[in-house]
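> Give me a 3D structure for the following:
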Amino acid sequence: MHDQPLAYFITFTVYGTFLQGDVRWWRSRGKGSRTPQLFLEQWHRDRLKHDVILLDKAQRSAVENETARLCGGWHRWLVQR
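The predicted structure follows:
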């Protein structure tokens, strides 16, 4: 048996960019993948405390540098939507 995980799957999203009900599908704790529900997504969007934040090039670069530092020698895949 392996005592150490083979890999870790860690994702980060920015506030308000991936809400429950999202058209890209979404996950519900204990229920797994869920189909898009536009009214649910809009309900969550209406309740955001501030505007959605989209990272600019400099902010994305800062996040990439920090994740590289945290990952040490581990390989990482970066996916941008």
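> can you point me to the longest helix in this structure?
helix 57-71 (DSSP state H).
> can you tell me the average pLDDT over that helix?
The average pLDDT within helix 57-71 is 88.
> how distant is that helix from the center of its chain?
Between the centre of helix 57-71 and the centre of its chain there are 15 Å (C-alpha atoms, centre = their mean, to the nearest Å).
> what does stretch 18-30 give?
If you compare the mean C-alpha spot of stretch 18-30 with that of the full chain, they lie 11 Å apart, counting by C-alpha atoms, centre = their mean.
> Stretch 68-81 now?
The offset between the C-alpha centroid of stretch 68-81 and the centroid of the whole chain comes to 14 Å, using C-alpha atoms, centre = their mean.
> For it, buried residues please.
Of the residues in stretch 68-81, none is buried under the neighbour-count criterion (16 or more other C-beta atoms under 10 Å). For the C-beta atoms, the positions are set from N, CA and C on the backbone; glycine is no exception.
> Contacts made by that stretch with the rest, please.
With contacts defined as C-beta atoms under 8 Å, 6 or more residues apart in numbering, stretch 68-81 is touched by 60, 64, 67.
> so can I have CSV of those showing neighbour count?
Output for these, formatted as CSV (neighbours: other C-beta atoms under 10 Å):
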residue, neighbour count
60, 14
64, 13
67, 13
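> Which one of those residues is nearest to residue 48?
Nearest to residue 48 out of the contacts of stretch 68-81 is residue 60 (C-beta to C-beta; 21.2 Å).
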